[in-house]
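Asker: fold the following, please.
(2 chains)
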Amino acid sequence: MKALTAFLAGAIFGAGLLLSGMTNPANVLGFLDLFGAWRPQLALVMAAAIAVAAPAFLLIRRRQRDLRGEPVELPRRSGVDSRLLAGAAIFGVGWGLSGICPGPGVVLLASGKPLVIVFVAALLAGSWAASAAASASVESAAPGCAVD
Amino acid sequence: MTAPAAWHALFGGALIGAGAAALLLLNGRIAGVSGILGRVATADLGEHGWRIAFLAGLIAPALLLGTGTTELHPGYLWAAISGLLVGFGTRLGGGCTSGHGVCGIANLSGRSLVATLVFMATAILTVLVVRHGAAA
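Answerer: Okay, the predicted model is just below:
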């Protein structure tokens, strides 16, 4: 059941990425290129996504349980630290090089293009390296995770 | 931007938000793709199943319908460097466009808003340098 709902959620998300045009790196780079032929779609995509997701976050924050009744702890870390800033800055450089972020990277695997496979394999290696470096450096340092 | 492109962006974005809402409401989990992907191999077993299912769902529409027009930057080294930076940065910073940019901001997280502004800024600078050669 958990797997089924996660699959459906992923499928809706993936269909949205395709429909929005964000799986074409040219549209992403076109948004990031403020000084070229600017393509504003990415801003519309994010605004619509946030507007639709926000009520669900509000509801779950109030209930502190999901619709199955299981407890949910939403991340509520405050404060900005150097890891967050450095990580976001590094991610932005990588994103600006290819126009591919993790979601579209997974979707584009469906194309079977070797360039995409190389990108995703490198992404996994980079993620592994960062977690290895983090656990090697300091004690717990709970990965400042909006995604946990 | 043509009118159809704008509608596609709005409806596509709404679907992305709906997918994130569904994962939160039904699974109690946040749809941050970098975290789900980066932890898929290392997750404890209880967290394994939904991550794999979400990723399978994510790729399923493209397997059925195709990926449409995709203009990729040529060059394997370029793709590898980009992927390494994306993987390292998202793990260090705890999120990507979906985790911080969509879910974090929808969750009214100040950290996620800051992260989003920072990665947007460095991505814009990177494109500026690459496309317009505006080195320092």
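Asker: give me the buried positions along stretch B:69-82.
Answerer: Across stretch B:69-82, burial judged by 16 or more other C-beta atoms under 10 Å in any protein chain shown covers B:T70, B:L72, B:H73, B:W78, B:A79, B:A80, B:I81, B:S82. Just so you know, the C-beta spots here come from the backbone N, C-alpha and C atoms, and that holds for glycine as well.
Asker: touching stretch B:65-74 from outside, list them.
Answerer: A:18, A:23-26, A:97-100, A:107-108, A:110-111, A:113, A:115-116, B:79, B:82 (C-beta atoms under 8 Å, 6 or more residues apart in numbering or on different chains).
Asker: follow-up on the earlier one: and the buried residues of stretch B:69-82, which two are furthest apart?
Answerer: B:T70 and B:I81 (19.1 Å; C-beta to C-beta).
Asker: show me where the chain has its helices.
Answerer: Picked chain A for this. With DSSP state H as the criterion, chain A has helices at A:2-20, A:25-32, A:41-63, A:82-98, A:102-108, A:114-137.
Asker: that's the other chain; I wanted chain B
Answerer: Using DSSP H, helices in chain B cover B:3-22, B:33-38, B:45-65, B:76-93, B:105-106, B:110-132.
Asker: just for chain A, where's the confidence low?
Answerer: Residues of chain A meeting the criterion pLDDT under 70: A:138-148.
Asker: now do the domain split for it, please.
Answerer: As given by automatic domain parsing, the domain ranges for chain A are A:1-74, A:80-148.
Asker: dump these into TSV; add mean neighbour count as well.
Answerer: Output for the domains of chain A, formatted as TSV (neighbours: other C-beta atoms under 10 Å in any protein chain shown):
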stretch	mean neighbour count
domain A:1-74	20
domain A:80-148	21
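Asker: wait, which of those domains is closest to B:A53?
Answerer: With C-beta to C-beta as the measure, domain A:1-74 is the member of these nearest B:A53 (4.0 Å).
Asker: for the closest one, what is the distance to the chain centroid?
Answerer: Relative to its parent chain, domain A:1-74 has a centroid offset of 9 Å by C-alpha atoms, centre = their mean, to the nearest Å.
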